[in-house]
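>>> mind looking at a prediction? Sequence and model below.
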Amino acid sequence: MPTRGPGSGFEVSVVSGAARRRLGALTFAIGVGLAALGGVLAGPTRGLNTGSAGEVLGIAFVIIVVGGMGSFLGAFVGAILIGLAQSLTIGFAPAYGSVVIYIAMLIVLMVKSDGLFGKVTRVR
């Protein structure tokens, strides 16, 4: 994958032949586009205001931690699991809807500290 080269270091991107600046700009543009799409899709259902960023970032943090850092599949599975847990809890006990996601994160971290699909990395 060409985007892994610049993330690993300058030497790796030079060896892989990736156009570092162009690839960085393209990756940034894709990220901004996906963030904008997420905001447009979440706006009508969540009711956006100036203070809603904290709640959305909190849920996103829980999803990434549950799925595992650096894993796209983990982020997808984490989002599905956290969304289902929160929706089912709101259906039965609305007052605990925002608490259950943090309890789920705690349980996942107690069982597997690097998330569901995270990989253990060793720092030398």
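Cool, the structure landed.
>>> per-residue confidence for residue 24?
pLDDT recorded at residue 24 is 76.
>>> and it, how many neighbours?
15 (other CB atoms under 10 Å). Every C-beta, even on glycine, is put in place using the N, C-alpha and C of the backbone.
>>> cool, and residue 72?
Around residue 72 there are 10 residues (other CB under 10 Å).
>>> against residue 50, how distant is it?
Using CB to CB, to the nearest Å, residue 72 is found at 31 Å from residue 50.
>>> next one: residue 61
20 Å.
>>> list the buried ones in the lengthiest helix in the chain?
Counting residues, the longest helix found in the chain (DSSP state H) is helix 20-46. Going by neighbour count (16 or more other CB atoms under 10 Å), the buried part of helix 20-46 is residue 23.
>>> also stretch 79-99?
Within stretch 79-99, judged by 16+ other CB under 10 Å, the buried ones are 79, 81, 82, 85, 86, 89, 97.
>>> just give the closest residue to the second one, not the sequence neighbours.
Meaning residue 81. residue 66 (6.6 Å; CB to CB, 6 or more residues apart in numbering).
>>> tell me which residues touch the one you found, please.
Taking CB atoms under 8 Å, 6 or more residues apart in numbering, we find residue 66 in contact with 74, 78, 81, 82, 104, 105, 108, 115, 116.
>>> what do you get if the cut-off is 10 Å, keeping everything else the same?
74-75, 77-79, 81-82, 85, 101, 104-105, 107-109, 112, 115-118 (CB atoms under 10 Å, 6 or more residues apart in numbering).
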